[in-house]
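Trainee: After the sequence you'll find the predicted model.
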Amino acid sequence: SLPFFLFFFVGVLPLYFLRESYGYRSWLLVGASLVFYLWSGLFDTLLFVLVVGISWVTMFLAEKFPEKRRAFLQAGILVLVGNLLFWKYAAWLFRQAQGLLPSLPFPSILALPLPIGISFFTLVGIAFLVDLLRRETHFVGLRKYFLYMSFFPHLIAGPIVRSQHFLPEIETLRTPRFRDFSAGTFLFCLGFFKKVNIADRAGLFVDMIFAKPDSYDRPTLALAVVLYSVQIWADFSAYTDMGRGAAKMLGVSLPENFRSPYLASSPADFWRRWHITLSQWIRDYIYIPLGGSRGTAARTALVVVVAMGISGLWHGANWTFLLWGLYHGLLLVGERGWKQSRAYAWARQCLPHWARALVAIPFTYFLICVGWLVFRSANLEALGNYVNSFVHPGREQYFSGGICLVLALGLHGLFYEREGGPSLLQRMGGICQPRWQGLARHPQSLSFVLGGGCAAAVIVTLLLRVLESGSGFIYFQF
């Protein structure tokens, strides 16, 4: 949005580089993050400050009274979990109970306003307190803890940071090197481009088809699901790119969250590539504490399904999210069974890797798209209507050259994100290697080229956004 550009890039960045004092920079980032979150509303901000303050007080009391350390830290975890459960699930649970037992009196709870980013900052806070309970991290002062929780590039929609990795990043708040600043600028502009020119364009088509699925033929319905897979990847990874880019301009590195998820060759591989920080959080704080793979095969399968069910329900109070999580849990269980079969052993022994990938990647993508259909549906009734439309399709068709462009851009993104592969910037430099090396000898010229290119990309994208209003980030609702 324009307020973000005008306030942060014109205001905060120059102020950040004004002085190199750690105290000055840390307080500046705390204040800037509070103003950033204040954009969502005063109530949300007050609630966020209260929750962060209470959780830090429990840490402080645990540090001051070692004999009651465990009790205080567990109380802090309960505060964070209880806050999330109340705002996100209380009204929904009461509605479900009223539907099952209409004769019993239930308190009347209206739909509660969901504080923006509550799912993300809750997981960040729980991770810190659990790590402190396990003695895998150390107590920090209120200012540093508040900065850890509120740092604006990750506050609203991740990545979900962990104390072991993020505290060292905000320990010194060093001045970023030129290469880090330029890489952050490119990453931010790339994410901005993906959001406006891929995600929002795909969303126009997807919203139209999902609104009236019974009017369209099967190819159009299938294409809408494929485009939604492009939309949600471009939308969420764009926010991550922009957040990581903004942090990198400040000399702070945030963890990677995507590695070309649609090039996954199995469901487990998909979750190693998609929303990586959430997958690691579920593994370390739910899957392993529940027993992980230490028990029998049946117990392990149950733990996998339960963990993925919780992961699905974390996205929102909706049966479709729970169904999506359970579906992925069953996929993971099925993959474990497949890898223990004779057919899998034969395929590994007799078929080359490229032949197995030629089958595994498209099949995995098909399974992921089935899950996205469940995820995108507003409720179970809407999901049933969409599936029924495949059985009894309408006659209307929809095709646009813009769809091909969105798909082409989305496919390109798969390859620049691949793990260990060259980034877009590196390949651009490789194409024009002689000129790039020449510019590198003249930092002022290089700064002019980089700045001019990024400014042009931002201006064009802003014009496109103004001419055709874009939508908010999908993961803001979680």
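Mentor: In hand now; what should we look at?
Trainee: Which residues belonging to whichever helix or strand L34 is part of are considered buried?
Mentor: Assigned by DSSP states H and E, L34 falls within helix 22-38. Using 16 or more other CB atoms under 10 Å as the test for burial, helix 22-38 gives 25-26, 28-30, 32-34, 36-37. Bear in mind the C-beta positions are built from the backbone N, C-alpha and C, glycine included.
Trainee: can you redo those as TSV with pLDDT and distance to H315?
Mentor: Putting those into TSV (pLDDT from 0 to 100; distance: CB to CB, whole Å) gives the following:
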residue	pLDDT	distance to H315
R25	92	34
S26	93	33
L28	93	33
L29	93	29
V30	93	29
A32	92	28
S33	92	24
L34	92	26
F36	89	23
Y37	90	21
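Trainee: Show me where the stretch 301-450 of the chain has its helices.
Mentor: Ranges of helices in the stretch 301-450 of the chain, per DSSP state H, counting those that start in this stretch, are 319-339, 342-350, 353-376, 380-391, 401-416, 424-431, 433-440, 443-467.
Trainee: Now do the first one: which elements does it pack against?
Mentor: If you count contacts as 3 or more CB pairs under 8 Å, 6 or more residues apart in numbering; DSSP states H and E, helix 319-339 packs onto helix 267-271, helix 297-314, helix 353-376, helix 380-391.
Trainee: how about low-confidence regions in the stretch 351-478 of the chain?
Mentor: Applying pLDDT under 70 to the stretch 351-478 of the chain picks out residues 399-402, 405-406, 408-471, 477-478.
Trainee: try 90 this time
Mentor: Within the stretch 351-478 of the chain, the stretches with pLDDT under 90 are 351-357, 390-478.
Trainee: and the spatially closest residue to A202 that is not a sequence neighbour, what element?
Mentor: Leaving aside its chain neighbours, A202 sits nearest to Q231 (3.9 Å; criterion: CB to CB, 6 or more residues apart in numbering). Assigned by DSSP H and E, Q231 belongs to helix 218-249.
Trainee: Over to L190?
Mentor: Secondary structure (DSSP H and E) places L190 in helix 178-194.
Trainee: what do you get for L61?
Mentor: Take DSSP H and E as the rule and L61 turns out to sit in helix 42-64.
Trainee: circling back to that earlier point, counting neighbours, what do you get for the residue nearest to A202?
Mentor: Each residue near Q231 was counted by other CB atoms under 10 Å, and the total is 27.
Trainee: check contacts around N257.
Mentor: 158-159, 236-237, 240, 244, 275-277 (CB atoms under 8 Å, 6 or more residues apart in numbering).
Trainee: which of those lies closest to P393?
Mentor: Set against P393, the nearest of the contacts of N257 by CB to CB is F236 (29.9 Å).
Trainee: Let me see the contact set for the closest one.
Mentor: 157, 257-258, 275, 473-475.
Trainee: thinking again about what came up before, what is whichever helix or strand comes after the helix holding L61 packed up against?
Mentor: Sequence order places helix 69-100 as the next helix or strand after helix 42-64, per DSSP H and E. Packing partners of helix 69-100 (3+ CB pairs under 8 Å, 6+ apart): helix 42-64, helix 118-133.
Trainee: which one of the ones you listed lies closest to F375?
Mentor: With CB to CB as the measure, helix 118-133 is the member of these nearest F375 (15.0 Å).
Trainee: So what's the residue count around F270?
Mentor: Applying other CB under 10 Å, we find 24 residues neighbouring F270.
Trainee: isn't it right up against F363?
Mentor: No. Using CB atoms under 8 Å, F270 makes no contact with F363, being 11.6 Å away.
Trainee: circling back: just the CA coordinates of the helix holding L34, formatted as PDB?
Mentor: In PDB, the C-alpha atoms belonging to helix 22-38 read as follows (Å, rounded to 0.1, in the frame of the first residue of the first chain):
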ATOM      1  CA  TYR A  22      21.900  -0.400  19.100                       C
ATOM      2  CA  GLY A  23      19.600   1.300  21.600                       C
ATOM      3  CA  TYR A  24      18.500   3.800  19.100                       C
ATOM      4  CA  ARG A  25      17.900   1.300  16.300                       C
ATOM      5  CA  SER A  26      16.100  -1.200  18.600                       C
ATOM      6  CA  TRP A  27      13.700   1.400  20.000                       C
ATOM      7  CA  LEU A  28      13.100   2.800  16.400                       C
ATOM      8  CA  LEU A  29      12.100  -0.700  15.200                       C
ATOM      9  CA  VAL A  30       9.900  -1.300  18.200                       C
ATOM     10  CA  GLY A  31       8.100   2.000  17.600                       C
ATOM     11  CA  ALA A  32       7.900   1.500  13.900                       C
ATOM     12  CA  SER A  33       6.500  -2.000  14.400                       C
ATOM     13  CA  LEU A  34       3.800  -0.700  16.800                       C
ATOM     14  CA  VAL A  35       2.800   2.000  14.300                       C
ATOM     15  CA  PHE A  36       2.700  -0.700  11.600                       C
ATOM     16  CA  TYR A  37       0.400  -2.900  13.600                       C
ATOM     17  CA  LEU A  38      -1.700   0.100  14.700                       C
END
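Trainee: tilt between it and helix 118-133?
Mentor: If you take axes from the mean of the first three to the mean of the last three CA atoms, to 10 degrees, helix 22-38 sits at 140 degrees to helix 118-133.
Trainee: Which strands and helices lie in contact with helix 22-38?
Mentor: Packing contacts for helix 22-38, counted by 3+ CB pairs under 8 Å, 6+ apart, involve helix 13-16, helix 42-64, helix 142-150, helix 152-155.
Trainee: To R134, which of those helices lies closest?
Mentor: Of all the helices and strands packed on helix 22-38, helix 42-64 sits nearest to R134, with 12.8 Å by CB to CB.
Trainee: Would you mark the buried spots in the closest one?
Mentor: Burial within helix 42-64, assessed by neighbour count using 16+ other CB under 10 Å, is assigned to 44-45, 47-48, 51-52, 55-56, 58-62.
Trainee: For it, report the contacting residues that lie outside it.
Mentor: Contacts for helix 42-64 (CB under 8 Å, 6+ apart): 34, 37-38, 68-70, 72-73, 75-76, 79-80, 83, 113, 115-116, 121, 125, 129, 132, 139, 142, 145-146, 149-150.
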